[in-house]
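> here are the coordinates; sequence isn't available:
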């Protein structure tokens, strides 16, 4: 178990359940389910812990003692200045939109994360699905390619993602490990116990025989029905050349790898691009460590902003150059911003949900714009306030999913995908 500064713990990524789903469980979809094939792809980047907006997208040189240690630099978008430690993103500003006026009241990590990962406030009686799980349900991938892949990232700020009421069948194909490592490989793609594909196929045929006999005895139920198809899909992934090639990051051109940055976040972004090319519909990349109550400026300067700036900028530029950006929406956010006031704990900034910034690119988004504004200390919006509900509705709208559609929980309870949000119209203006 890992704990945040506020004492709220999360389930470990290796524990059983929705976080670490093996292939047969991941693909145990009901055989009667037909997922539509239309819609755009998505890459969701989550900065767990809460990025300091006043030290990145929304710098305030007139804020006096709250300004902080960093200076701002020009971008290739007239009027937009960003942190000096974001030189790569500064040169891609014409390709993305920054929303500076997101505001909410969930100032603790766990509720804030679930709010920003689902578009719905956390409630005890219902677990809402994260975005990748919804994409998994709504958008189909080619045979043998998982719809939803997740890179959980490292650090104690890894997020408590969940497939919620959609169930583990729509949970992520979780790619553990450091993609920047020389010996990086995806354990889930290794044949279990050293078995050959022929031996796995033989086991699958025996399982199908058992499944058929259960049905012949009228003992089948929803859990038994479709098992043979589910295991066939799992077998398809094990055999998929497209998936193996996508994860074979060592085969990528060395200059491209260097451009993304030889660090875990940069290589995760590169793998996200490779997976989208292979047919994956949603890739989520989690980058932890942004809970900077202490040493905010040291950590941002040395360990957080440089890899994030390089990896995200390279991803946007690479998608654009390959003709993939129009059909792939990139959304980068955290759970909240940081306090304008610098605390006394050691040059840190604390949780601040009343003002935060986020980035959208691709998927038809109009790049080269800044939406909304905060006051002179970046404390709260003074123009165009938007909620995480609106941000989530915008994400779904951009990839062709109706955020107002009604789902049903396993016990039949009707639930609207995003109950209160509306797409941010300026993103497509």
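Alright, I've got the coordinates. Just so it is clear, the structure is predicted and the values come from calculations on it, not from any experiment.
> Low-confidence stretches in this protein?
Within the chain, the segments meeting pLDDT under 70 span 1-4, 6-37, 154-159, 188, 190-239.
> give me that answer again for 80
By pLDDT under 80, the low-scoring segments of the chain are 1-38, 154-160, 187-240.
> what about the helices in it?
Assigned by DSSP state H, the helices in the chain fall at 23-26, 87-90, 109-118, 131-138, 197-216, 227-239, 241-247, 254-260, 264-278, 296-299, 305-321, 388-398.
> isn't residue 72 right up against residue 82?
Yes - using Cβ atoms under 8 Å, residue 72 is in contact with residue 82, at 6.4 Å. For the C-beta atoms, the positions are set from N, CA and C on the backbone; glycine is no exception.
> Between these two, tell me which one has more neighbours.
Between residue 72 and residue 82, residue 82 has the larger neighbour count (other Cβ atoms under 10 Å), namely 22 against 16.
> residues contacting the more buried one?
Counting by Cβ atoms under 8 Å, 6 or more residues apart in numbering, residue 82 touches 56-57, 59, 72-73, 75, 89-90, 93.
> Looking at the residues you listed, which is nearest residue 131?
Among those, residue 57 lies closest to residue 131 (Cβ to Cβ), at 21.1 Å.
> I'd like to know how far the closest one sits from residue 80.
Distance from residue 57 to residue 80, counting by Cβ to Cβ, to the nearest Å: 9 Å.
> same question, residue 288
Distance from residue 288 to residue 80, by Cβ to Cβ: 27 Å.
> out of the two, which sits in the more crowded spot?
Neighbour tally, residue 288 and residue 80, criterion other Cβ under 10 Å: the higher count belongs to residue 288, 21 against 17.
> just to revisit the earlier point, generate a PyMOL selection restricted to the buried entries among the contacts of residue 82.
Remark: buried members of the contacts of residue 82, expressed as a PyMOL selection using 16 or more other Cβ atoms under 10 Å:
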select buried, resi 56+57+59+72+75+89+90+93
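> Farthest pair within the contacts of residue 82?
Greatest spacing in the contacts of residue 82, by Cβ to Cβ: 59 and 93 (14.0 Å).
> so how far is the first residue of stretch 283-294 from its last?
31 Å (Cα to Cα, to the nearest Å).
> and that stretch, which residues are buried?
283-293.
> One more: stretch 121-131?
121-122, 127-131.
> ok, now stretch 400-409?
401, 403, 407.
> So which of those belong to strands?
Among those, the ones falling in strands (DSSP state E) are residue 407.
> Going by distance to residue 106, which of the buried residues of stretch 400-409 wins?
residue 403 (19.0 Å).
> Wait, that closest one touches residue 397, no?
Yes - with contacts counted by Cβ under 8 Å, residue 403 reaches residue 397, the gap being 6.5 Å.
> Which neighbours do the two have in common?
residue 423.
> and residue 167, backbone torsions?
phi 90, psi 170 (degrees, to the nearest 10).
> Surely it touches residue 407?
No - counting by Cβ under 8 Å, residue 167 sits too far from residue 407 to count as a contact (11.4 Å).
> any common contacting residues for residue 72 and residue 82?
residue 59.
> coming back round to it: right, and out of the contacts of residue 82, which lies closest to residue 182?
residue 89 (28.0 Å).
> how near is the closest one to residue 333?
Residue 89 is 14 Å from residue 333, by Cβ to Cβ.
> same question, residue 389
From residue 389 over to residue 333 the distance is 13 Å, taken as Cβ to Cβ.
> ok, the two, which is more surrounded?
Taking other Cβ under 10 Å, residue 389 and residue 333 do not tie; residue 333 has more neighbours (24 against 20).
> check contacts around the nearest residue to that one once chain neighbours are set aside.
Spatial nearest neighbour of residue 333, chain neighbours left out: residue 358 (3.9 Å); criterion: Cβ to Cβ, 6 or more residues apart in numbering. Neighbouring residues of residue 358 by Cβ under 8 Å, 6+ apart: 98-99, 102, 331-333, 391.
> go on, residue 315?
Here residue 315 is in contact with 43, 260, 269-270, 272-273, 330 (Cβ under 8 Å, 6+ apart).
> now residue 421: how far from residue 163?
Taking Cβ to Cβ, one finds residue 421 at 20 Å from residue 163.
> Also residue 351?
26 Å.
> Compare these two (neighbour count), which wins?
residue 163 (26 against 21).
> surely that one meets residue 129?
Yes - counting by Cβ under 8 Å, residue 163 touches residue 129, with 5.2 Å between them.
> so what sits against both of the two?
With Cβ under 8 Å, 6+ apart, residue 163 and residue 129 have common neighbours residue 170.
> wait, doesn't residue 331 sit right on residue 44?
Yes - counting by Cβ under 8 Å, residue 331 does reach residue 44; the two are 5.5 Å apart.
> from memory residue 375 sits against residue 354, does it?
No - proximity of residue 375 to residue 354 does not meet the contact threshold set by Cβ under 8 Å, at 10.3 Å.
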